[in-house]
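Sequence first, then the predicted structure:
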Amino acid sequence: MGEFDDGFETVIEERGDFRVRVEVDYQPTEPYHDGGSPLLKFGYNRWDRYEAEQVTSITSYVVDPAIVRALDRWGDDRNGPRETPHFERYLRMFHGTREMVWSGGFEGARYVTFDTAHWREAMELTDEWLAEMTEGRAEPLRLVDMDEYQAYLNGECYVWIVEQKAEWIKVGSDERREEWEEVEAIGGYYDREYVEAEAREALESYAGESEAA
């Protein structure tokens with residue numbers, strides 16, 4: 001069966017008495033990754049003062065407070081938060097940073113994630129291991145990325161829902177109607193292609209078992 005998209009949800013596939021659809025998750029949770037690189041948020045607070053802080057809800061790793069203070073110092077600008085070369089040079093010179101990724105922003109705030117020598121040590125990302133993992137690769141190994149969190153900020157969060165067709169008969173009459181009833185739903189996806197692939201797998205589990213019975 002082809003896809004049906006009404007702008008809010010998409011019926012991915014229908015098999016027998018089951019179908020699976022994907023819809024936008026309007027109450028998503030922040031993408032948690034305990035081994036993820038530190039993420040800093042910087043923007044104006046309620047007192048209209050520029051302020052930097054670590055987003056601690058997505059990882060247990062706590063960044064050096066001096067780094068947050070450095071972003072406070074060099075990230076401020078009359079035109080609003082910006083990517084600042086002073087902050088980047090500071091990280092590379094004093095904290096051994098190799099990679100940085102800046103977000104596209106959200107509600108006047110900007111986000112930046114990066115690696116440090118201390119973080120790599122805490123995650124046991126030794127130079128020997130990194131050299132082994134990058135050997136022969138066509139593209140360099142990414143230590144940090146903002147993909148999932150940027151999707152979260154953009155509202156690109158999804159949930160798949162498996163439904164089963166049910167027939168209802170009105171008591172005392174021959175009136176019948178069919179409805180789709182939810183049997184399982186799982187959210188927490190931040191990539192459209194990935195959630196659709198997972199949705200098809202879930203449908204296969206239900207429909208395949210039903211067809212084999």
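Received it, and whenever you're ready, just let me know what you need. Numbers count the residues shown, from 1 in each chain.

Find the nearest non-adjacent residue to Ile169, please.
Sequence neighbours aside, Arg176 is the residue nearest to Ile169 in space, at 5.3 Å (criterion: CB to CB, 6 or more residues apart in numbering). Where you see a C-beta, it was placed from the backbone N, CA and C, and this is true even at glycine.

What of Gly155?
Nearest to Gly155 is Val24, by CB to CB, 6+ apart, at 7.1 Å.

pLDDT score assigned to the residue nearest to Asp115 when sequence neighbours are not counted?
Distances taken as CB to CB, 6+ apart place Leu143 nearest to Asp115, at 4.6 Å, with adjacent residues excluded. pLDDT recorded at Leu143 is 88.

again with the one 3 residues further on
pLDDT, Met146: 89.

And the longest strand belonging to the chain, what's buried?
With DSSP state E applied, the strand covering the greatest number of residues in the chain is identified as strand 176-189. Going by neighbour count (16 or more other CB atoms under 10 Å), the buried part of strand 176-189 is Trp180, Gly187, Tyr189.

Name the residues that touch the helix or strand just after that strand?
Later in the chain than strand 176-189, the nearest helix or strand by DSSP states H and E is helix 192-212. With CB atoms under 8 Å, 6 or more residues apart in numbering as the test, helix 192-212 has contacts from 10, 12-13, 15-22, 156, 158-160, 162, 164, 183-184, 186, 189.

Relative to Glu107, how far out is Glu9?
From Glu9 over to Glu107 the distance is 26 Å, taken as CB to CB, to the nearest Å.

the more surrounded of these two?
Glu9 (15 against 6; other CB atoms under 10 Å).

What score does that one have for pLDDT?
Reported pLDDT at Glu9 in the predicted model: 70.
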